[in-house]
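Visitor: Generate a structure from the sequence data that follows.
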Amino acid sequence: MIEIKNLNKYYGKFHVLKNLDLNLEKGEIVALMGPNGSGKTTLMKSILGLVIPDKGEIKVNQISVKNNSSYRKIIGYMPQIANYPENLKVSELFKLIRDIRGGDDSPDKELIADFRIEEIYNKNFGQLSGGYKQRVTAAIAFMHKPSLLILDEPTSSLDPLSSEIMKSKILKEKKESNLIFVSSHIASEVELIADRIIYMLEGKIILNTLIKNIKNGATEFKLGKALKDLIDMKIKEKND
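Guide: The predicted structure follows:
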C-alpha cells in the first residue's frame, strides 16, 4: 500500500531523512518509534504530501504522491497538535471537513458518539481543552472511513478513558483490513495495539520487525526493555 524508495529530506544542512526504503501493507498496525528529532513526523508528512522530499519516491496504492493529490482521499490523518480555525464551532468544522472531502453520505460517527462530541458542537474550537481538541481531531481522522490512517501520537493528550476508546477504535480498523501507521513514545501502548515496529534514529530506519519476532515465544516480556536491548545492539554493530 505504501512504497518508499531512497527517500531523503534536508532542512538546510540538516539531513533529516537518509535513504529510507520502506514497504507497508494493509491489515497491519505499524508503530513508528524513535527519539525526538529522529525524523518520524517528517516521514509521516512526506507520505501526506505536506513535506516535499529532496530525493526519492513515495507511492500510495501505486500512485506517486508527487504532483498528484488524488491518493489523499483514502487517508485519515490525525496530527499530534490540532491546528484548525479557532473561531469555527465544532459543528461547523465537521461540516467544513465533510464538504472538502466530498460529503460522505454515511460518515463513521462512532468516535463522535464515544467521545461525546455532540455536547460541544456549539463551542468554538479555540475554546476547547487540549484533550477535547484531540478527541475532535481523532473523530475527523476516522470520519470518512479511510483505508489508510496516519496517526501522530494519537493518545498524547487524552484522558485514560478516551485513550482506551482510541486504542479500541484503532484495533477495529485493523479488522477492516486497513493500514494504520501510528507514531508513539509509549512502549506499553505499542505492545498492546501494534503488529510491527519501525524504529528510527538520526533519520534512518534501524529496526523494522514484527513484535512477535521480538517476543520470540517469551512468556514474560516487556517491549520497552526488549527494544532498548535491540537498539543498543544495533548501535554497537554500527560503531564496531
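Visitor: Now for the residue most central in space within the chain: which residues touch it?
Guide: The centroid of the chain falls nearest to residue 151 when counting by Cα atoms, centre = their mean (2.4 Å). Listed by Cβ atoms under 8 Å, 6 or more residues apart in numbering, the contact partners of residue 151 are 77-78, 141, 170, 180-183. (C-beta placed from N, C-alpha, C; glycine too.)
Visitor: By neighbour count, which of those residues wins?
Guide: residue 180 (27 neighbours; other Cβ atoms under 10 Å).
Visitor: could you pull out the strands for the chain?
Guide: 2-11, 14-24, 29-33, 55-60, 63-64, 75-78, 148-152, 179-183, 196-201, 204-210 (DSSP state E).
Visitor: Dump those strands into a markdown table; add distance to residue 160 as well.
Guide: Shown next, in a markdown table, are the strands of the chain (distance: least, Cβ to Cβ, whole Å):
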| stretch | distance to residue 160 |
| --- | --- |
| strand 2-11 | 31 |
| strand 14-24 | 29 |
| strand 29-33 | 20 |
| strand 55-60 | 34 |
| strand 63-64 | 39 |
| strand 75-78 | 19 |
| strand 148-152 | 18 |
| strand 179-183 | 18 |
| strand 196-201 | 24 |
| strand 204-210 | 28 |
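Visitor: can you pull up the bridge partners for residue 9?
Guide: Beta bridges link residue 9 to residue 17 when assigned by DSSP bridges.
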